[in-house]
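Student: this one's structure only:
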Ligand SMILES: Cc1ncc(C[n+]2csc(CCOP(=O)(O)OP(=O)(O)O)c2C)c(N)n1
């Protein structure tokens, strides 16, 4: 098992504590009526992002979901920018327009639509593979999101094309109020096996093994071994969103007692880090509170540049032939253009032959996809 140095452990817990303090502060602000919109905390689950961040490097991209504050803080370290963002201030990382669930900053993207970001992550992983250089994409999803078909469309393409995509599944056993046992057929491991994804299972409480499992999968993905699924058992200690918990206290209390972040903060070395995190977050809250509220201003029309185009004289030729010639010319002029879609490779070349010959002329840049609206 990959050993962790004390410095690495400290970095991991610093991120986890900064996340915990940030979300506790945000919950406080919400109850004081100082936040609009909604808020999903990852309290209890922080170690997933904190551990994964240790394995990421410049050039990697992270995709997250509605419960993404911990992933964001761990990956970007932009605590003040996040707090200001959630408070809807101009100093926020997205100018106060994105809020808690729609963050876009320094290689980090989140979106509140369950599963919707997984094919986007697969697409960016495809771009990373074409670029070469070993960059990876990591996408975080919850176990409830395994109900979304688009997730499997993305798994299929990522595996078929051997994309550098690490899917991190945070399995807290519940989606909003619905227990996993009511809605999930089969097993998570079998899903990974069905698509040929490398798979490892770990949990929040044995976080050293979580690190080792994540590191093993990351090594495979980075080395070009194709996508992987890291299955992380965890527990959400707070409500799904602010105060909507339907679970009994007796269900939550045993997990509160074994929460690694609280246990670490209670130890002498941890208490120093916890105090530093609290101070950092308090000053970020004060700074954000003093910043201006974001006001939506539509971009000035001059800022949006229409795409360039030039007329083509078909000279009486069939339109599909003209389209084929234009595509050929564009692909020759710009090596970054790729085409993906159903039945577009030669010799078939598309139902109307628009892409006829292009896969032979540009090997690897014109690819057939499965029948997959979300994936293709
Ligand atoms: C497509 C879609 N359907 C429903 C919702 C509403 N919703 C937000 S979070 C959530 C639960 C997601 O559960 P899970 O994926 O297990 O993540 P967790 O909340 O447990 O972290 C639901 C149903 C949504 N955001 N997107």
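Tutor: Everything's here; your move. Everything quoted here is computed from the prediction, not taken from an experiment.
Student: Might you enumerate the residues of this protein proximal to the ligand?
Tutor: 66-67, 112-114, 142-145, 170, 172, 174-176, 240 (C-beta under 6 Å from any ligand atom). (Glycine included, C-beta is placed from N, CA and C.)
Student: residues near the residue of the chain found nearest the ligand, how many?
Tutor: Nearest residue of the chain to the ligand: residue 142, at 2.1 Å (C-beta to the nearest ligand atom). Using other C-beta atoms under 10 Å, residue 142 has 24 neighbouring residues.
Student: In contact with it, which residues are there?
Tutor: Each residue near residue 142 by C-beta atoms under 8 Å, 6 or more residues apart in numbering is listed here: 65, 67, 114, 169, 170, 171, 172, 175.
Student: Among the residues you listed, which ones are in helices?
Tutor: Per DSSP state H, helices hold no members of those.
Student: out of these, who has the most neighbours?
Tutor: With neighbours defined as other C-beta under 10 Å, the most crowded of those is residue 67; it has 28 neighbours.
Student: Let me see the contact set for the closest residue to residue 371 other than its chain neighbours.
Tutor: Of all residues not flanking residue 371 in the chain, residue 342 sits nearest, at 5.9 Å (C-beta to C-beta, 6 or more residues apart in numbering). Counting by C-beta under 8 Å, 6+ apart, residue 342 makes contact with 368, 369, 370, 371, 376.
Student: hang on, the earlier thing: just name the closest of the contacts of residue 142 to residue 301, please.
Tutor: residue 65 (33.9 Å; C-beta to C-beta).
Student: Was I right to think residue 264 contacts residue 13?
Tutor: Yes - using C-beta atoms under 8 Å, residue 264 is in contact with residue 13, at 5.1 Å.
Student: hey, what's in contact with both of those two?
Tutor: 270, 273.
Student: of these two, who's got more company?
Tutor: A count of neighbours by other C-beta under 10 Å puts residue 13 above the other of residue 264 and residue 13, at 25 against 21.
Student: Just the element for the spatially most central residue of the chain, please.
Tutor: The C-alpha lying nearest the average C-alpha coordinate of the chain belongs to residue 63 (C-alpha atoms, centre = their mean; 1.7 Å). Taking DSSP states H and E as the definition, one finds residue 63 inside strand 61-64.
Student: of the residues of the chain next to the ligand, closest to residue 361?
Tutor: Nearest member of the residues of the chain next to the ligand to residue 361, counting by C-beta to C-beta, is residue 113, at 37.5 Å.
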